[in-house]
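Chemist: coords please:
(2 chains, ligands or ions: 2)
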Amino acid sequence: MWKSFFGGIHPYDGKDLAKTQPIEEMPLPTELSVPLSQHIGAPCQPTVKVGDMVKRGQLIATSEAFMHADIHAPTSGKVAKIEPRPHSGRGMCPAIVILPDGEDAWAEGLPLARNWEAMTGEEILTAIQEAGIVGMGGATFPAHIKLKPAKPVDTLILNGAECEPYLTADYRLMLEQPEDIITGAQILAKVLGTKRTVIGIEDNKPDAAEALEKAASGTQIEIARLRTRYPQGAEKMLIFAVTGREVPAGGLPMDAGAVVQNVGTVAAITAAVEQGLPLTERVTTVSGDAISQPKNLRVRIGTSYRACIEHCGGFREEPDKLLAGGPMMGMAQQSLDVPVMKGSSGILALTKKITEHPEERNCIRCGRCVNACPMGLVPSMLSILSERGDFPKCRDSYGLMNCIECGCCTYVCPAKRNIVQYIRLAKGEIRAEAERAKAKAAAKAAQAKEAAK
Amino acid sequence: MSEREMKATAAPAEARPAAPADPVFTISSSPHIRDGETIDHIMWQVVLALLPVALFGIWWFGSSALINMAVGIIAAVGSEYIWQRAMHQPLTAMDGSACITGLLLAMSMSPLLPPYMVAIGSALAIIVAKQSMGGLGFNIFNPAHIGRAALMVSWPVAMTTWTKMADLSGGAVDAMTGATPLNILKMQGYDALVATFGGQGQMYTSMLLGTRNGSLGETSTILLLLGGLYLIYKGYINWIVPACMIGTVAVLTWIFGPAGLFTGDPLFHMMAGGLFLGAFFMATDMVTIPMTIKGQIVFAVGAGALTVLIRLVGGYPEGVCYSLLLMNAVTPLIDRWLKPRIFGTGLEPQAAKGGAK
Ligand code: SF4
Ligand code: SF4
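Modeler: Ligands and ions are numbered 1, 2, ... in the order given. All right, here's what the predicted structure looks like:
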């Protein structure tokens, strides 16, 4: 039996809308807008100029910074512009705009035919790094950095929980390409030197679990059927479910001896290692009650939400919200021109019927948020203190920084309090305060130096 | 030319033939979905759960019960409405919480209380104990209890005037038929109490069904249990709270019996007075009790113990109301003291390290 975390919720999952739709190849759009920031860390700098012709898989942006992931051309064509464009995470962001030439030709030499078993761990890591792979579940942490943990780890966990409502991209991938995921798991196990490999899947996807079990027969890889409960796919919850270990507060998965990768990321790693293919496309779910024909699409990075939604028959009803990601943690978007990026797990368009809620009221101390919080926080107090502006107390007495912003508290609140919003506000203030303190200390140090002269 | 560029050009949008305008999307913080639960729904469900007991009260005590409950509710909702109107606050008087306060207040007092007193108690409860503290959620004390306590101080005689009960002892004991069972116990002892009912079996039966003297809504143990179970089933209250409070009373009254240790009658004490009403409908008032399960257990056990203390040692025959008020007062402390364990904290060293070697 697998362990289960405390709290959590069981929302309407909306997965029926798209789960029976096989992954469909989305045709190339007329224009691709590839943002220079698609990962946690420093944005990349373009390595191409306007007017250059590029091939699919060709490096088009990189960075000197350690924390970054390279960016490659999603198809062959001409670099039309390099300019700020809408971005699902940061409003506007510089992007390389490519006009496809229709050939969709791979860069010189691609795809390769490599045998990963003959490669060393170092070579594999290089291949992953060169492919620009990031965590595709949405965290967008550069994969090659995550695969070099600073502490010894003994467990590799593949995240196939896909606990966000509506999203079915990982589910379809597990169902349709289980071999790629299993191969990727073996590759990663080799790189990490881990003894145990577990794929965690919520038990509402038994067919995906079976497909993986079949593909994994003859290997040591375990398939863990986990209780269907949001946020089962949150890294800390998943590690706890599989290993029974808690990531210490403020720590990283490696502090619990584990590395977690999303199944989509792992499939991309297989392609990168075996065929040398950079990350230029991903599977994403286009769904929601406002979408005519919800689908799971294999989309080139840089394709606009508009093109994806048009490919799904456009809007069936007036949408109220356009989301990048799932309804629990996804970000509301203003423009249909934001492009699909490496971390885009889904595009959702929801009508007012789903997104409209009654007015916020005072907390009635019902305790539902306390019972729902998987991190063991007291969300009501966090929201009240943040509302009052008492941010230090949020941090010191109520564990503010442990919040994973999963949204469970807000989901269950009968007073419809925007708890997560208050928490983000408090976190932002605390971080800004820390920055200010740092700047002050630096100024002081400079002054002291000056005086010492 | 893409949509975006179209928007960027200076030409007026109407001049362009194709492309209907994009929808305007709402921007807000995640999560974007919520469950359907609302304060109003929870509160009206509690009213629903109280309904059987209220109806029983009307049947058993007559029209004065109906009048008192109606007056209590109207005064509570009305004063909340007037307050919110006067203060230019959002009008939430119809959210069910004021209705509960008025209803609970009427139910926790004698059916013979003059209606105007009920109205005053209701208005005081809402204005002093609830609205002046910031409204629902900010009140430390259960408003109904404050209203009841205020009336107790102002009109102690009216508050302790009960209906006449048939004396089934046939005049064998000098039973006070105008008293509640707890009164009789306090004044005349256990034997007189049993004799008043005409036997122990009859006593238990009428305490269970509610055919006894007492406050308007406290007598029918079985219907209170029914309403409480409904709320537990619906997930609005946690069973552990009434279980702990009633259990504590049972254990302590059994231990500290009238004839020495372990001679008490826990069954009587469980069903007497306002314990069931208090345990299921007041000790579970989410606003005024601790938020965590651990805290709620402390609250419930504390309230139970204080109830017994007042009943057995104190000057009043009944102690549910005051014990709950006292526990309300320490609730903020309990909440500060008993927070849930934050995930990933307080781990044993080797558990934290895991098998990382
Ligand atoms: S407080 Fe943070 S971690 Fe807890 S439920 Fe709310 S969003 Fe999730
Ligand atoms: S769920 Fe909402 S109303 Fe209930 S305690 Fe939490 S914040 Fe307050």
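Chemist: Flag the helix or strand of chain B with the lowest per-element mean pLDDT.
Modeler: helix B:3-8 (a mean of 40; mean pLDDT, DSSP states H and E).
Chemist: After that helix, which helix or strand is next? Please name it.
Modeler: helix B:39-61 (DSSP states H and E).
Chemist: Is any residue of that next one near ligand 2?
Modeler: No - contact between helix B:39-61 and ligand 2 is absent, the nearest approach being 7.6 Å (criterion: C-beta under 6 Å from any ligand atom). C-beta here means a position set from N, CA and C on the backbone, and glycine is covered the same way.
Chemist: Which residue comes closest to the residue of the stretch 101-250 of chain A found nearest ligand 1 once chain neighbours are left out?
Modeler: Residue of the stretch 101-250 of chain A nearest ligand 1, by C-beta to the nearest ligand atom: residue A:231 (7.4 Å). The spatially closest residue to residue A:231, leaving aside those adjacent along the chain, is residue A:406, at 4.3 Å (C-beta to C-beta, 6 or more residues apart in numbering or on different chains).
Chemist: May I see the buried residues of stretch A:124-132?
Modeler: Neighbour-count burial for stretch A:124-132 flags A:124, A:125, A:127, A:128, A:129, A:131, A:132 (criterion: 16 or more other C-beta atoms under 10 Å in any protein chain shown).
Chemist: Run the chain-centre distance for it.
Modeler: 19 Å (C-alpha atoms, centre = their mean, to the nearest Å).
Chemist: Pull the residues that contact it.
Modeler: A:69-72, A:114, A:116, A:119, A:142-144, A:147-148, A:187, A:190-191, A:268-269, A:271-273, A:276-279, A:342 (C-beta atoms under 8 Å, 6 or more residues apart in numbering or on different chains).
Chemist: To which secondary structure element type does the residue positioned nearest the centre of chain A belong?
Modeler: The centre of chain A sits closest to residue A:138, judged by C-alpha atoms, centre = their mean, with a distance of 0.9 Å. The three-state label given to residue A:138 by DSSP: H, G, I helix; E, B strand; the rest coil is coil.
Chemist: Which pLDDT value goes with it?
Modeler: At residue A:138, the model reports a pLDDT of 79.
Chemist: show me the contacts for it.
Modeler: Contacts of residue A:138 (C-beta under 8 Å, 6+ apart): A:325, A:329, A:343, A:344, A:345.
Chemist: Next up, the contacts around the third one.
Modeler: Going by C-beta under 8 Å, 6+ apart, residue A:343 touches A:38, A:39, A:134, A:135, A:136, A:137, A:138, A:139, A:140.
Chemist: Going by residue numbers, what spans are helices in the stretch 151-300 of chain B?
Modeler: B:156-159, B:181-188, B:190-197, B:200-209, B:221-234, B:240-255, B:266-271, B:275-281, B:293-312 (DSSP state H, counting those that start in this stretch).
Chemist: and among the ones you listed, the most buried is which?
Modeler: By mean neighbour count, with neighbours taken as mean count of other C-beta atoms under 10 Å in any protein chain shown, helix B:275-281 ranks first of the helices of the stretch 151-300 of chain B at a mean of 29.
Chemist: Extract the C-alpha set from that one and format it as PDB.
Modeler: What follows is helix B:275-281 as a C-alpha-only set of coordinates in PDB (Å, rounded to 0.1, in the frame of the first residue of the first chain):
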ATOM      1  CA  LEU B 275     -26.100  19.000  26.900                       C
ATOM      2  CA  PHE B 276     -27.200  17.500  23.600                       C
ATOM      3  CA  LEU B 277     -28.300  20.800  22.200                       C
ATOM      4  CA  GLY B 278     -25.000  22.300  23.300                       C
ATOM      5  CA  ALA B 279     -22.800  19.500  22.200                       C
ATOM      6  CA  PHE B 280     -24.300  19.100  18.700                       C
ATOM      7  CA  PHE B 281     -25.300  22.700  17.900                       C
END
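Chemist: Just say helix, strand or coil for the residue nearest to residue A:231.
Modeler: Assignment for residue A:406 (three-state DSSP): coil.
Chemist: how about it, phi and psi?
Modeler: According to degrees, to the nearest 10, the main-chain angles of residue A:406 amount to phi -70, psi -20.
Chemist: Correct me if wrong: it contacts residue A:327.
Modeler: No - judged on C-beta atoms under 8 Å, residue A:406 makes no contact with residue A:327 at a distance of 12.0 Å.
Chemist: are any of the contacts of residue A:343 buried, and which?
Modeler: For the contacts of residue A:343, buried by 16+ other C-beta under 10 Å: A:38, A:39, A:134, A:135, A:136, A:137, A:138, A:139, A:140.
Chemist: Max pairwise distance over the residues you listed: which two?
Modeler: Using C-beta to C-beta, the two most remote members of those are A:38 and A:137, lying 13.7 Å apart.
Chemist: Any idea how many residues pack against residue A:333?
Modeler: Using other C-beta atoms under 10 Å in any protein chain shown, residue A:333 has 23 other residues around it.
Chemist: just for chain B, where's the confidence low?
Modeler: Applying pLDDT under 70 to chain B flags residues B:1-20, B:165-178, B:348-357.
Chemist: Which one of the contacts of residue A:138 is nearest to ligand 2?
Modeler: For the contacts of residue A:138, the nearest to ligand 2 is residue A:329 (18.4 Å; C-beta to the nearest ligand atom).
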